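Novice: no sequence on this one, just coordinates:
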């Protein structure tokens, strides 16, 4: 496994980051035992970087995995919160620490920043994180974003240590620009010393038929230190860890995984409340005949619609 230093943070991280979203309740919904085994396999393969968020519901999986490994000090943990007030961010940060049974976390991000207005709106939450950093509860602070504008702004903010941008070979899921515009923003952040770990290398499954090429494209961008990949089985961990190290894997296993299509479903009991439509920044959801309807070509399988569904109608498998 190859490792790099994550910008000016000083963290030594694997080139691939374990994205914990897919094992959790909004997607594959593995049991805690099953999900923690996938994480442990990743750690055994040399992946020392784990990404999660409050809304993913995966803290129990990570806590179980951490309790089973010896060298916690080498593992870099990142989480995120949508909180925009000081009180809510305080609650979310300490919930994270308690749930993971840790006294400090390496990286904590403002989740899903869009533009100058959202960054201003989240200023109280950011200021709390900076205070928490001074007190030693957080080591690095940053943002995650699907937006070029937010990355451009964060690139010039001295208080931001880490940026988690969406980028892939086709630019699928970028909300306000092209792949090359996002890449330009990421480069600016990189040269300003920000730690960069990207997301959605497979474009929410749209690029899975040529997954290795898609992953290698991201890894070949010098401005990206690490890439977060959602993995829901030990086989996926083995294949991705091999690819990131430039090794070939059994063609049959790789071909089988490349055929696997994740899909999003809406249950019959959907009431058409529209919360999913409001939440979807990709414009992939609309209400038709009082039921949510999802345009597969636009959907990047981020699960954010599922998180806000009051009836738990939306699932990704």
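Specialist: Everything's here; your move. Computed from a predicted model, the values in this text were never measured in an experiment.
Novice: Mind jotting down where the helices sit in the stretch 201-317 of the chain?
Specialist: 211-219, 234-244, 251-259, 275-279, 304-308 (DSSP state H, counting those that start in this stretch).
Novice: Likewise for the stretch 51-200 of the chain?
Specialist: Using DSSP H, counting those that start in this stretch, helices in the stretch 51-200 of the chain cover 59-67, 86-100, 116-121, 123-135, 148-154, 179-191.
Novice: okay, the closest residue to residue 101 other than its chain neighbours: pLDDT?
Specialist: Excluding its sequence neighbours, the residue lying closest to residue 101 (CB to CB, 6 or more residues apart in numbering) is residue 63, at 5.5 Å. C-beta here means a position set from N, CA and C on the backbone, and glycine is covered the same way. Listed pLDDT for residue 63 reads 97.
Novice: contacting residues for residue 63?
Specialist: 99-101 (CB atoms under 8 Å, 6 or more residues apart in numbering).
Novice: quick one, domains of the protein?
Specialist: 3-259, 264-316 (automatic domain parsing).
Novice: any idea which of those scores lowest on pLDDT?
Specialist: Among the domains of the chain, domain 264-316 scores lowest, at a mean of 84.
Novice: now that one, how far from the chain's geometric center?
Specialist: 19 Å (CA atoms, centre = their mean, to the nearest Å).
Novice: thinking residue 50 is in contact with residue 76, fair?
Specialist: Yes. Using CB atoms under 8 Å, residue 50 is in contact with residue 76, at 7.3 Å.
Novice: Please say which of these two ends up with more neighbours.
Specialist: residue 50 (27 against 24; other CB atoms under 10 Å).
Novice: Over to the residue nearest to the more buried one when sequence neighbours are not counted: give its phi and psi.
Specialist: Among residues not flanking residue 50 along the chain, residue 18 sits closest, at 4.8 Å (CB to CB, 6+ apart). Dihedral pair for residue 18: phi -80, psi 110, per degrees, to the nearest 10.
Novice: burial count for residue 89?
Specialist: So residue 89, with other CB under 10 Å, has 24 neighbours.
Novice: Tell me who's in contact with it.
Specialist: 81, 83, 124-125, 128-129.
Novice: Recalculate using a threshold of 7 Å.
Specialist: By CB atoms under 7 Å, 6 or more residues apart in numbering, the contact list for residue 89 reads 81, 83, 125, 128-129.
Novice: do the same with residue 203
Specialist: So residue 203 contacts 168, 170, 172-173, 300 (CB under 7 Å, 6+ apart).
Novice: could you redo the last one with a cut-off of 10 Å?
Specialist: 166-174, 214, 299-301 (CB atoms under 10 Å, 6 or more residues apart in numbering).
Novice: One more: residue 150?
Specialist: With CB under 10 Å, 6+ apart, residue 150 has these contacts: 110, 112-116, 118-119, 143-144, 163, 165, 175-176, 185.
Novice: Same check on residue 77?
Specialist: Contacts of residue 77 by CB under 10 Å, 6+ apart are 20, 48-52, 62, 66, 96, 100, 102, 104-108, 139.
Novice: Check residue 297 too.
Specialist: Taking CB under 10 Å, 6+ apart, one finds 172, 206, 284 in contact with residue 297.
Novice: got the residues you listed as a markdown table, with distance to residue 310 and neighbour count columns?
Specialist: Shown next, in a markdown table, are the contacts of residue 297 (distance: CB to CB, whole Å; neighbours: other CB atoms under 10 Å):
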| residue | distance to residue 310 | neighbour count |
| --- | --- | --- |
| 172 | 28 | 22 |
| 206 | 28 | 20 |
| 284 | 19 | 22 |
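Novice: follow-up on the earlier one: can you tell me which of the domains of the chain is packed in deepest?
Specialist: Highest mean neighbour count among those (mean count of other CB atoms under 10 Å): domain 3-259, with a mean of 19.
Novice: I'd like to know how far residue 73 sits from residue 102.
Specialist: Per CB to CB, to the nearest Å, residue 73 is found 11 Å from residue 102.
Novice: shouldn't residue 111 be in contact with residue 96?
Specialist: No. Using CB atoms under 10 Å, residue 111 is not in contact with residue 96, being 12.0 Å away.
Novice: shared neighbours of these two, anything?
Specialist: Counting by CB under 10 Å, 6+ apart, the contacts common to residue 111 and residue 96 are 53-54, 79-81.
Novice: Looking at those, which one is closest to residue 39?
Specialist: Closest to residue 39 out of those is residue 79 (14.2 Å), distances taken as CB to CB.
Novice: Relative to the longest strand along the chain, what are the paired strands and their orientations?
Specialist: Selection of the longest strand in the chain by residue count, based on DSSP state E, yields strand 138-145. Next to strand 138-145 in the sheet, as set by DSSP bridges, lie strand 105-110 (parallel), strand 162-165 (parallel).
Novice: I'd like to check the angle between it and helix 179-191, please.
Specialist: Angle, strand 138-145 to helix 179-191, by axes from the mean of the first three to the mean of the last three CA atoms, to 10 degrees: 160 degrees.
Novice: Go ahead and measure how far strand 138-145 is from the middle of the chain.
Specialist: 12 Å.
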